[in-house]
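here are the coordinates; sequence isn't available:
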């Protein structure tokens, strides 16, 4: 096993669960996110499903990616991280 094969396998698993990679330039460039995997909202993970094989990846569109910094300002988490 080389380090490359482990990271490749990990990124393949992320894609299989529907995580998307950020393509906007900035601090989070290259990071992965999922709409149902949010800090402070563990109950959302029940909505996560594996993507069926053969559905393929969608072409990245940086203009449709979420701005997590703006979202955090508009919808701050409770101090304890509870919903």
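Cool, got the structure. Just so we're clear, the structure is a prediction, and the values are computed from it rather than from any experiment.

Is the residue most central in space within the chain bridged to anything, and to what?
Nearest to the mean C-alpha position of the chain, by C-alpha atoms, centre = their mean, lies residue 33 at 1.2 Å. As for beta bridges, residue 33 partners with residue 20 under DSSP bridges.

Tell me the spacing between it and residue 69.
13 Å (C-beta to C-beta, to the nearest Å). Any C-beta I mention is one placed from the backbone N, CA and C, and that applies to glycine too.

before we move on, what about residue 18?
From residue 18 over to residue 69 the distance is 22 Å, taken as C-beta to C-beta.

now do residue 7
Residue 7 is 26 Å from residue 69, by C-beta to C-beta.

what do you get for residue 21?
17 Å.

higher neighbour count, the two?
Between residue 21 and residue 69, counted using other C-beta atoms under 10 Å, the more crowded position is residue 21 (16 against 10).

Quick check: the more buried one touching residue 65?
No - taking C-beta atoms under 8 Å as the definition, residue 21 is not a contact partner of residue 65, at 9.3 Å.

So which residues of this protein form helices?
Remark: helices assigned in the chain by DSSP state H are 3-16, 68-74.

mind listing what's buried in the longest one?
Right, helix 3-16. Buried residues in helix 3-16, counting neighbours by 16 or more other C-beta atoms under 10 Å, are absent.
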